[in-house]
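K.L.:
Coordinates for the following, if possible.
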Amino acid sequence: MKWKLPPGIHGYINRHGEAVFYYRKPGRPKVRLRGHPGSPNFMAEYHAARSSGPGMLIGASRTVPGTLNAALVSYYQSTGFKALAKSTQQNRRAILEKFRVDHGDKRIALMHAQALQKTINDKTPAAQRNFVKSIRGLVDHCLALGIIKADPLPGLKLAKSRKTGGFHTWSEEEIEQYKARHAPGTKPRLALELLLNTGHARSDITRMGRQHIKSGLLSMRRQKTNVQFDIPLLPDLVAELNRHAKTDQLAFLTTEHGKPFTPAGFGNWFAEHCIEAGVPGRAHGLRKASAVRHALNGATAPELMAWFGWKTIGEAQRYVEEANRIKLAQNAGAKIISGTAVGSPSNQVSQSEAQVTEKTGEGK
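P.N.:
Alright, predicted model coming up:
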């Protein structure tokens, strides 16, 4: 496959058959760039490499004090940005670097709501919200340093998004259909059991290994939020793990080359096996299905928070309410089926048939 390479980029195929790209500029060491040309992460690293030099902060060589360029250099070095998960850093940096291309030389102190509104007007509702999330940290950083005096974000009007419910939540029938296609002892089956019985995200699933199991508990910290979780191994997962031979690998799931999956690579690999099984679900949908299972079995919101590593109770409460809705609907149906619904007459009267009446009193 041929890529159109930006200026200064050199690429080649290494001995493993992988495409490798570097940025080279006279007088500076070459910089390895991850991903493929044109992807958001690649372009973010490319812009960072172009603007950095030996012993310099990222972007410092082409920044003018007081500009958006200078503000981004400062923000990327801040504890607020560095405290974000690596994946979040990459995603937000990619968005901010696109914003830098058009507005990097402008005065950050003059950034106002009207200008930002024009920037987001041609974006989809989801892209608008991602942009606001990304620039929120930059604005807070600049406000704290006194670089800007007023917050321009509250004045933005975002397009309404159609609520879709997010990722499809797997049904019990779909789970059984996947199991019927992927037998116990196979890697696709192990992936499902890990996702369903731990209920954690693919970024954590790809790191899970036997080193995280102590006294029957799986103990880790979520990569995204750094929240600790200590959960017991459920029987179905224990049975599946016992079907797989122990190896020197630190991860339960590995690629065909014996290397741990990246979160994105695992997501794509698992999606292929979902297609094979004829189910519409994806990895995150099993996380949701796991939460529904726990809630239906009576787990409280704090208990869900502890199991799934959530920081706020809102996410947990949503699944509790969903479980309550399902239970109430089932109870209502059961009353009709059993004929014990409140207010139902034991001998119902037809509205179409003539009824026999009996005279009482003086006219009898």
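
K.L.:
And the helices in the chain?
P.N.:
For the chain, helices defined by DSSP state H occupy the ranges 40-51, 68-76, 79-82, 86-103, 113-120, 125-145, 172-181, 187-198, 202-205, 235-242, 263-277, 283-296, 301-308, 313-338.

K.L.:
tell me the angle the longest one makes with helix 283-296.
P.N.:
Meaning helix 313-338. Counting by axes from the mean of the first three to the mean of the last three CA atoms, to 10 degrees, helix 313-338 lies at 60 degrees to helix 283-296.

K.L.:
for the fourth one, same thing?
P.N.:
For helix 86-103 against helix 283-296, the angle by the same axes, to 10 degrees is 130 degrees.

K.L.:
need the contact list for Glu174.
P.N.:
279-281 (CB atoms under 8 Å, 6 or more residues apart in numbering). For the C-beta atoms, the positions are set from N, CA and C on the backbone; glycine is no exception.

K.L.:
The same query, at a cut-off of 10 Å, please.
P.N.:
Taking CB atoms under 10 Å, 6 or more residues apart in numbering, we find Glu174 in contact with 168, 274, 277-281, 285-286, 289.

K.L.:
Pick out the shakiest of the helices of the chain, pLDDT-wise.
P.N.:
Lowest mean pLDDT within these: helix 40-51, a mean of 71.

K.L.:
Hey, what's the angle from it to helix 86-103? Just curious.
P.N.:
Using the same axes, to 10 degrees, helix 40-51 lies at 60 degrees relative to helix 86-103.

K.L.:
was I right about Gln249 contacting Phe261?
P.N.:
No: the criterion here is CB atoms under 10 Å, and Gln249 misses it with Phe261 at 11.1 Å.

K.L.:
of the two, who's got more company?
P.N.:
When neighbours are counted by other CB atoms under 10 Å, Gln249 and Phe261 differ, and Phe261 comes out ahead with 20 against 13.

K.L.:
Can you tell me the closest non-neighbouring residue to the more buried one?
P.N.:
Thr206 (4.5 Å; CB to CB, 6 or more residues apart in numbering).

K.L.:
could you list every residue that touches the closest residue to Pro154 other than its chain neighbours?
P.N.:
In this structure, Pro154 finds its nearest non-sequential neighbour in Ala113, 7.7 Å apart by CB to CB, 6+ apart. By CB under 10 Å, 6+ apart, the contact list for Ala113 reads 150-157.

K.L.:
what do you get for Lys157?
P.N.:
Contacts of Lys157 (CB under 10 Å, 6+ apart): 113, 117, 120-121, 128.

K.L.:
Name the residues of stretch 173-189 that come out as buried.
P.N.:
The neighbour-count check on stretch 173-189 (16 or more other CB atoms under 10 Å) flags 174-175, 177-179, 182, 187-189 as buried.

K.L.:
Is it possible to get a markdown table of the residues you listed that adds distance to Val238?
P.N.:
Listed next are the buried residues of stretch 173-189 as a markdown table, based on distance: CB to CB, whole Å:
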| residue | distance to Val238 |
| --- | --- |
| Glu174 | 23 |
| Ile175 | 18 |
| Gln177 | 23 |
| Tyr178 | 19 |
| Lys179 | 16 |
| His182 | 18 |
| Lys187 | 17 |
| Pro188 | 18 |
| Arg189 | 14 |
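
K.L.:
Would you check which pair of these lies furthest apart?
P.N.:
Maximum pairwise distance among the buried residues of stretch 173-189 (CB to CB): 19.3 Å, between Glu174 and Lys187.

K.L.:
one step back: looking at the contacts of Lys157, which is nearest Ala71?
P.N.:
For the contacts of Lys157, the nearest to Ala71 is Ala113 (17.0 Å; CB to CB).

K.L.:
Would you mind measuring from that closest one to Gln128?
P.N.:
According to CB to CB, to the nearest Å, Ala113 and Gln128 sit 13 Å apart.

K.L.:
returning to that earlier point: contact partners for the residue nearest to Phe261?
P.N.:
With CB under 10 Å, 6+ apart, Thr206 has these contacts: 191, 194, 223, 251-254, 260-267.

K.L.:
can you pick the most crowded of these?
P.N.:
Ala191 (26 neighbours).

K.L.:
So what touches stretch 243-261?
P.N.:
Here stretch 243-261 makes contact (CB under 10 Å, 6+ apart) with 16, 183-191, 193-194, 202, 205-212, 237, 240-241, 262, 265-270.

K.L.:
do that again at 8 Å, thanks
P.N.:
Contacts for stretch 243-261 (CB under 8 Å, 6+ apart): 184-185, 187, 190-191, 194, 205-211, 241, 265-266, 269.

K.L.:
Likewise for stretch 35-43?
P.N.:
Residues contacting stretch 35-43 (CB under 8 Å, 6+ apart): 3-6, 9, 11, 19, 21, 33-34, 45, 90-91, 94-95, 97-98.

K.L.:
hey, C-alpha coordinates of that stretch in CSV?
P.N.:
These are the backbone C-alpha positions of stretch 35-43, laid out as CSV (Å, rounded to 0.1, in the frame of the first residue of the first chain):
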residue,chain,number,x,y,z
GLY,A,35,0.6,4.6,13.0
HIS,A,36,0.0,5.3,9.3
PRO,A,37,0.3,8.6,7.4
GLY,A,38,-3.0,10.5,7.5
SER,A,39,-4.3,9.0,10.8
PRO,A,40,-5.0,11.5,13.6
ASN,A,41,-2.3,10.0,15.9
PHE,A,42,0.3,10.0,13.2
MET,A,43,-0.4,13.6,12.2
